[in-house]
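**Student:** quick one, structure for this:
(2 chains)
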Amino acid sequence: MNVIKSLTQNKVAMVGFSILFIFVVIALIGPYLYDGSPWRMVQRPFLPPFQNSNYLLGTDTLGRDVLAGLIYGARISLLVGFVSTIIALLIGIPLGAYAGYYGGWVDEVLMRFTEIFQTVPSFALAVVLVAIFEPSVYSITGAIAIVSWPPVARLVRGEFLSLRSQEYVLAAKLNGQTNRNIILREILPNSLSPIIVLASLMVASAILLESSLSFLGLGDPAIMSWGYMIGAAKTVIRQAWWLSFIPGVAIAITVLSLNLLGEGLNEALNPKLSGNREN
Amino acid sequence: MSIQTLLYIAGRLVKGGVVLLVIAIFNFFLIRMAPGDPAQVLAGEAGATDEIFLQQLREQFGLDQPLYYQLWIYVSNLMQFDMGITYRQQMPVFDLIMERMPATLLLTGAAFLLSLVLGILAGVVAAAKHRQWLDSVITVAALIFYATPLFWLAMMAALFFSVYLDWLPSFGMQTVGENFTGWQKVKDIGLHLILPAATLGLFFTAVYARMTRTSMIETSRLDFVKTAKAKGMKPSRVTTHHILRNALLPVVTLAGLQAGQLIGGAVLTETVFAWPGIGRLMFEALFQRDYNLLLGVFFISSAMVVLFNLVTDVIYCIVDPRIELSK
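**Tutor:** Have a look, this model is predicted:
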């Protein structure tokens, strides 16, 4: 297990991993340990942070507990981030694999299709999709997945294109293995490491996208999210800057931890490539 | 210009046209998926429009005709930039978007240039001081800006530079109530431009700085650089004449491809700073549930990206003839 060893020796990656781990734990069990709904009015509005020990981070414009909002927000951010990335992988990997493996007109058609999605301004497309299908966790996750799969398809295509003429693949063909088997059992496992690196960075950008959507008022109206908290505090930024400041820091730390982890994974999984970068 | 170059440009034009056609068809189906009947969606006002106007729209868009006919009408209208009329503003959607276009072009153009210049500069410095403290500072700063939500950065910049320090305006594009002319007007708009352009540009500065740094370090390990050093060339000249020239191409290529993301970022920055561009128009359309206007902005911003990519491709093709051969 060289990968895990070199990952654990990478300080930056471990910092990222630890922060992310804490956020995941908060998202999973936080709502059970910290009782209090993020929607209920608990105190007077605009209570500043560190004044009332029951509501450590103060209250928002309607007297709702900011800390409770942060805890519930972690849940939705990470959930949307991970699920939309998984869906994007499920779209991008097969498309890229077919394009790269078969080449020719299959490749041509699939890559033209991918190009269209890459040309369209992705954030604008996400906004349009969520608005038309009405904001909900499902439409948000789906919209983010739809705008984030093209890089996966391109990456996987490139990997398959270079691996399909390798000797072990030719050997498998001579062996009489089916194309499906060669794609799934021979080439895919060997192209997994760049996909994993890309996926970790995609979770980060999905979290940024989700927060941007809910900031614009396109969040699920039933779920408290970090972006919504910032959007709701926008008009009172002069009176209560901390209301928009605190959730923004939470987003930045989460995204940063994922980016650090991604860089660490890159170094651990692709030592040749990243050797250039850090040595 | 050779015949190949012309063919290449023609090919790119066709490609751009196909992309727009696909988006137009996509828009057509989205209008039918929006809540409410298509006439009301096209009127841009769910449930509050008068019946005569709706009837007029039904006739104009052939909504009582078969679906393929409706598609034909919608797409051919859109290809002529006819997107109907917004009920609320009583104005053609296309005119409304074009009215807002200059502000967005100014903002995204300024942000693009700023991020390209700053990003390449920071990347070159970081690579030149590889593994020294300045490299670490730039790398860490780039990492942080890369992780910060754009809209949040914009709000914090407004809070600090506008509310706290009171140095720069953070609302709109011109001072309300003042009718500046000439240079005063330019100065006024320029002051209003600083915060939106800087916040929109910072994220991309981080992206370009990281790319330039990696690209510079990778290029500096290539053989021709070793040759240049071996024949006793000054290190600074090796950096500018050998490494930078070759390291820059991938950066500029990617920067061109990311122009589309700049428009997405403009939606957020224009919303925060009340900058009167098409991004802000998109937010207003969302707020008013005017789906036709929303899709119109989406179509025009896609068309802008297609146009921009086309222009960069053509410039490349003229600057570096190797590119067309590789396609």
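
**Student:** okay, the residue of chain B found nearest chain A: pLDDT?
**Tutor:** Ranked by CB to the nearest CB, the top residue of chain B for proximity to chain A is residue B:264, at 2.6 Å. Using the backbone N, CA and C atoms, a C-beta is placed for each residue, glycine as well. Reading off the confidence values, residue B:264 has pLDDT 85.

**Student:** work out for me the element the closest residue to chain B within the stretch 101-250 of chain A sits within.
**Tutor:** With CB to the nearest CB, the shortest gap between the stretch 101-250 of chain A and chain B falls at residue A:123, namely 2.6 Å. Taking DSSP states H and E as the definition, residue A:123 sits inside helix A:122-132.

**Student:** immediately after that helix, which helix or strand?
**Tutor:** helix A:137-163.

**Student:** for the residue of the stretch 101-250 of chain A closest to chain B, which residues are in contact?
**Tutor:** A:147, A:209, A:212, B:261, B:263-265, B:267-268 (CB atoms under 8 Å, 6 or more residues apart in numbering or on different chains).

**Student:** quick one: pLDDT of it?
**Tutor:** 92.

**Student:** circling back to that earlier point, which non-adjacent residue is nearest the residue of chain B closest to chain A?
**Tutor:** The spatial neighbour of residue B:264 that comes closest, neighbours along the chain excluded (CB to CB, 6 or more residues apart in numbering or on different chains), is residue A:123 at 2.6 Å.

**Student:** state the helix or strand in which the closest residue to residue A:151 other than its chain neighbours lies.
**Tutor:** Closest residue to residue A:151 apart from its sequence neighbours, by CB to CB, 6+ apart: residue A:198 at 6.6 Å. Assigned by DSSP H and E, residue A:198 belongs to helix A:192-215.

**Student:** what packs against that helix?
**Tutor:** In terms of contacts (3 or more CB pairs under 8 Å, 6 or more residues apart in numbering or on different chains; DSSP states H and E), helix A:192-215 is packed against helix A:66-102, helix A:122-132, helix A:137-163, helix A:226-233, helix A:241-269, helix B:150-157.

**Student:** if I take it and helix B:150-157, what angle do their directions form?
**Tutor:** 60 degrees (axes from the mean of the first three to the mean of the last three CA atoms, to 10 degrees).

**Student:** starting at the chain centroid, how far to the helix or strand hosting residue A:181?
**Tutor:** Residue A:181 belongs to helix A:179-181 when elements are defined using DSSP H and E. In terms of CA atoms, centre = their mean, to the nearest Å, the centre of helix A:179-181 is set 30 Å apart from its chain centre.

**Student:** can you list the buried residues in that helix?
**Tutor:** Judged by neighbour count (16 or more other CB atoms under 10 Å in any protein chain shown), helix A:179-181 contains no buried residues.

**Student:** and that helix, what's its mean pLDDT?
**Tutor:** The pLDDT scores in helix A:179-181 average 85.

**Student:** so which residues make contact with that helix?
**Tutor:** So helix A:179-181 is in contact with A:101, A:172, going by CB under 8 Å, 6+ apart.

**Student:** now for residue 65, how many residues are close by?
**Tutor:** In the absence of a named chain, this looks at chain A. Residue A:65: 27 surrounding residues under other CB atoms under 10 Å in any protein chain shown.

**Student:** oops, chain B please
**Tutor:** 14.

**Student:** now for the residue most central in space within chain A: which residues touch it?
**Tutor:** Centroid-nearest residue in chain A, with CA atoms, centre = their mean: residue A:203, separated by 1.4 Å. Going by CB under 8 Å, 6+ apart, residue A:203 touches A:81-82, A:85, A:258.

**Student:** go on, residue B:84?
**Tutor:** Counted by CB under 8 Å, 6+ apart, residue B:84 has contacts B:42, B:57, B:60-61, B:77, B:92-93, B:292.

**Student:** among those, name the buried ones.
**Tutor:** Of the contacts of residue B:84, these count as buried by 16+ other CB under 10 Å: B:42, B:57, B:61, B:92-93, B:292.

**Student:** kindly indicate which of those residues lies nearest residue B:4.
**Tutor:** Residue B:4 has its nearest neighbour among the buried ones among the contacts of residue B:84 in residue B:93, at 39.7 Å by CB to CB.

**Student:** need the max-distance pair from the buried ones among the contacts of residue B:84.
**Tutor:** B:61 and B:92 (14.3 Å).

**Student:** excluding chain neighbours, what is closest to residue A:241?
**Tutor:** Residue A:241 sits nearest to residue B:159 (CB to CB, 6+ apart), 5.5 Å away.

**Student:** right, I mislabeled it, should have said residue B:62
**Tutor:** residue B:73 (4.9 Å).

**Student:** quick one, what contacts that neighbour?
**Tutor:** Here residue B:73 is in contact with B:61-62, B:65 (CB under 8 Å, 6+ apart).

**Student:** among the residues you listed, name the ones in strands.
**Tutor:** Assignment to strands by DSSP state E places none of these there.

**Student:** what is the nearest of these to residue B:205?
**Tutor:** residue B:61 (44.4 Å).

**Student:** tell me which helix or strand residue A:23 sits in.
**Tutor:** helix A:11-33.

**Student:** what about the chain, any weak spots by pLDDT?
**Tutor:** Defaulting to chain A. By pLDDT under 70, the weakly predicted segments of chain A are A:1, A:36, A:271-279.

**Student:** right idea, wrong chain: chain B
**Tutor:** In chain B, residues with pLDDT under 70: B:1, B:44-49, B:87, B:319-327.

**Student:** longest helix anywhere in it?
**Tutor:** Ranked by residue count under DSSP state H, the longest helix found in chain B is helix B:182-219.

**Student:** could you list every helix and strand in contact with it?
**Tutor:** helix A:271-278, helix B:93-128, helix B:133-147, helix B:150-157, helix B:245-257, helix B:259-273.

**Student:** what would those helices look like in CSV with distance to residue A:58?
**Tutor:** Formatted as CSV, the helices and strands packed on helix B:182-219 follow (distance: least, CB to CB, whole Å):
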stretch, distance to residue A:58
helix A:271-278, 42
helix B:93-128, 34
helix B:133-147, 25
helix B:150-157, 18
helix B:245-257, 42
helix B:259-273, 23
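
**Student:** related to what we said a few turns ago, angle of the helix holding residue A:198 against helix B:259-273?
**Tutor:** 30 degrees.

**Student:** what are the buried residues along helix A:192-215?
**Tutor:** Neighbour-count burial for helix A:192-215 [16+ other CB under 10 Å]: A:193-195, A:197-215.

**Student:** give me the element residue B:16 is part of.
**Tutor:** Using DSSP H and E, residue B:16 falls in helix B:3-33.

**Student:** can you pull the contacts of residue 142?
**Tutor:** Defaulting to chain A. Residue A:142 neighbours (CB under 8 Å, 6+ apart): A:84, A:87, A:129, A:133.

**Student:** wrong one, chain B
**Tutor:** Applying CB under 8 Å, 6+ apart, the residues near residue B:142 are B:122, B:205-206, B:209-210.

**Student:** ok, residue A:97 next?
**Tutor:** Neighbouring residues of residue A:97 by CB under 8 Å, 6+ apart: A:156-157, A:160, A:183, A:187-188.

**Student:** now do 6 Å
**Tutor:** When contacts are counted by CB atoms under 6 Å, 6 or more residues apart in numbering or on different chains, residue A:97 touches A:156, A:160, A:183.

**Student:** quick check: the residue of chain B closest to chain A touching residue A:125?
**Tutor:** No - assessed by CB atoms under 6 Å, residue B:264 is found out of contact with residue A:125, at 8.5 Å.

**Student:** close to chain B: what parts of chain A are there?
**Tutor:** Residues of chain A found near chain B (CB under 6 Å from any CB of the partner chain) are A:116, A:119-121, A:123-124, A:128, A:131-132, A:208, A:211-212, A:215, A:230, A:237-238, A:241, A:244, A:248, A:251-252, A:255-256, A:259, A:276.

**Student:** rewinding a little: and of the helices and strands packed on helix B:182-219, who's closest to residue A:51?
**Tutor:** Judged by CB to CB, the one of the helices and strands packed on helix B:182-219 that comes nearest to residue A:51 is helix B:150-157, at 22.4 Å.
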